[in-house]
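In: Structure for the following, please:
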Amino acid sequence: MQTATESKATVTTAPLLATALAFALLISSALADVSFRSSWQGRWVAFGDYYVDIARCNDNLCTLGVWKFGNNKPSFSAKLRLLSYTKAEVADKSCTLLLQTTPKIPSDIGKDTTETPYLSVLENSCFARLDSTLSYQQNKAYPAFDCAKARSKNELAICQSSDIMLGYYDVLLNDFYHELMKNMSRDKASALQASQKQWLERFGACEGDAECMLRAYKERVEEFGDRYCMECG
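Out: Numbers count the residues shown, from 1 in each chain. Below you'll find the predicted structure:
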């Protein structure tokens, strides 16, 4: 039989455990979502004169462009609908383009894969010059913000970097922040917004240094976990 003290402790800790579990599920969901998008984003190079660029993935839709090397405009562009980790199709009824690949981001964040992924063209009536197999070439990061509008030293460095993890963590942090804002009361959301503004000022002090930015991203993601559990418990 539980004592009064034990019963009170159970009642007190139950909401905290529920909150911790909810945040763990949030992290798991966000990681899966970011990994899903990141497994497609990048430049895919064919052996011919063209390459495929997949970017700005959001809500299972990405921007796909088929570019000829040396040109400043794509030869073909369309919205790409992500069907699964390994398959995607062009969301355009006027033609058919079905692609297949493998995820590039492992479950361990920051651990690099050794095998180069390939993009296979299963069906194609959209662009005749598109080869059947393309190899992956990660030549830039894909953050949550639009690189065409990058102005600060950090933004420019992220967009020009070949380190996929900078863009990965920028998207991850952005997703966490908006999830937290949606699940907090107005007062707590206001406090988190002010805290984020202060963090962005400190983050700006990195002035484009990749190690500094990556360290700041990781620390902020961990801080979000602590803050969420404390304020929602």
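In: and Leu80, what is it in contact with?
Out: Neighbouring residues of Leu80 by CB atoms under 8 Å, 6 or more residues apart in numbering: 40, 54, 61-64, 88-91, 99. For glycine as for every other residue, the C-beta is placed from the backbone atoms N, C-alpha and C.
In: and if we set it to 7 Å?
Out: Counting by CB atoms under 7 Å, 6 or more residues apart in numbering, Leu80 makes contact with 54, 61-62, 64, 88, 90-91.
In: Among these, the buried ones, what's the PyMOL command?
Out: Per 16 or more other CB atoms under 10 Å, the buried members of the contacts of Leu80 correspond to this PyMOL selection:
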select buried, resi 54+62+64+88+90
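In: If we only consider the contacts of Leu80, which is nearest to Asn124?
Out: Within these, the smallest distance to Asn124 is 9.1 Å, found for Val90 (CB to CB).
In: Excluding chain neighbours, what is closest to that closest one?
Out: Using CB to CB, 6 or more residues apart in numbering and skipping the chain neighbours, the partner closest in space to Val90 is Leu97 (3.9 Å).
In: Just give the number of residues close to that neighbour.
Out: Residues within reach of Leu97, counting by other CB atoms under 10 Å, total 23.
In: so what's it up against?
Out: Leu97 sits next to 89-90, 123-124, 126 when contact means CB under 7 Å, 6+ apart.
In: Please apply the same query to Tyr169.
Out: Tyr169 neighbours (CB under 7 Å, 6+ apart): 214, 217-218.
In: Tell me if it really is in a helix.
Out: Yes - per DSSP: H, G, I helix; E, B strand; the rest coil, Tyr169 lies within a helix segment.
In: how far away is it from Ile158?
Out: Distance of Tyr169 to Ile158, given as CB to CB, to the nearest Å: 9 Å.
In: Just give me the neighbour total for Cys212.
Out: Using other CB under 10 Å as the criterion, the residues surrounding Cys212 number 15.
In: what sits against it?
Out: Cys212 neighbours (CB under 7 Å, 6+ apart): Cys206.
In: what comes up buried for stretch 157-177?
Out: Of the residues in stretch 157-177, 157-159, 161, 163-173, 175-177 count as buried by neighbour count, 16+ other CB under 10 Å.
In: just stretch 118-138 next, same as before
Out: Within stretch 118-138, the residues that qualify as buried are 119, 121, 124, 126-127, 130-131, 134, 136, 138, counting by 16+ other CB under 10 Å.
In: Touching that stretch from outside, list them.
Out: So stretch 118-138 is contacted by 42-48, 50, 52, 66, 75-76, 78, 90, 95-101, 104, 116-117, 162, 164 (CB under 7 Å, 6+ apart).
In: does the residue nearest to Val90 have beta-bridge partners, and which?
Out: Beta-bridge partners for Leu97, by DSSP bridges, are Asn124.
In: Flag the shaky bits of this structure, pLDDT-wise.
Out: The chain contains residues with pLDDT under 70 at 1-39, 47, 85, 102-117, 136-142, 164, 226-233.
In: Quick one: the helices in it, in order.
Out: Here the chain has its helices, by DSSP state H, at 4-38, 153-160, 164-183, 186-204, 210-232.
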